[in-house]
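S.K.: With the sequence up front, the predicted model follows.
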Amino acid sequence: VHAPLRWWADGSAVLFAAEDQGRLHLWRLDLGEAQPVPVARGVWVREFDLAGDTIAFLAESAAFPARAYVARGTAAPLRLERFN
């Protein structure tokens with residue numbers, strides 16, 4: 001697990017980045033659950049932050065440079081820019 005850890009607004013979950021199979025995914029672990037669920041997989045998460053139920057993060061891969069994403073609640077992340 002890579003710092004920082006961010007608590008969900010209501011304290012029911014924690015958001016963190018952790019390596020798995022050579023990538024740094026973004027995960028959410030709900031309290032009382034045994035396994036975290038992925039928020040962003042298949043990329044290397046550079047930075048992330050949480051405000052209320054909105055997650056903003058930068059992610060890159062070997063196929064593309066860092067891109068900005070946002071996700072609300074448990075919705076799929078939405079890419080915010082089209083620079084590349």
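M.R.: All right, it came through fine.
S.K.: For Ser61, name its beta-bridge partners.
M.R.: Phe64 (DSSP bridges).
S.K.: Who are the contact partners of it?
M.R.: When contacts are counted by Cβ atoms under 8 Å, 6 or more residues apart in numbering, Ser61 touches 23, 42-44. (Each C-beta comes from the backbone N, C-alpha and C, glycine too.)
S.K.: what about 10 Å?
M.R.: 23, 42-44, 67 (Cβ atoms under 10 Å, 6 or more residues apart in numbering).
S.K.: Buried by neighbour count, from the residues you listed: which ones?
M.R.: 23, 43-44, 67 (16 or more other Cβ atoms under 10 Å).
S.K.: Gly11: which of these is nearest?
M.R.: Val43 (27.2 Å; Cβ to Cβ).
S.K.: ok, the closest one - contacts?
M.R.: With Cβ under 10 Å, 6+ apart, Val43 has these contacts: 23-26, 57-64, 66-67, 69, 77.
S.K.: that older thread, closest to Arg82 out of the buried ones among the contacts of Ser61?
M.R.: Arg67 (9.0 Å).
S.K.: mind checking how far that closest one is from Ala51?
M.R.: 19 Å (Cβ to Cβ, to the nearest Å).
S.K.: Could I get the full set of helices for this structure?
M.R.: Ranges of helices within the chain: none, based on DSSP state H.
S.K.: Can you list the low-confidence ranges for it?
M.R.: Residues of the chain meeting the criterion pLDDT under 70: 83-84.
S.K.: contacting residues around the most centrally placed residue in it?
M.R.: For the chain, Leu26 is the residue whose C-alpha lies nearest the centre (Cα atoms, centre = their mean; 3.3 Å). Counting by Cβ under 10 Å, 6+ apart, Leu26 makes contact with 15-18, 36, 38-41, 43, 45, 48, 55, 57, 59, 69, 71, 77.
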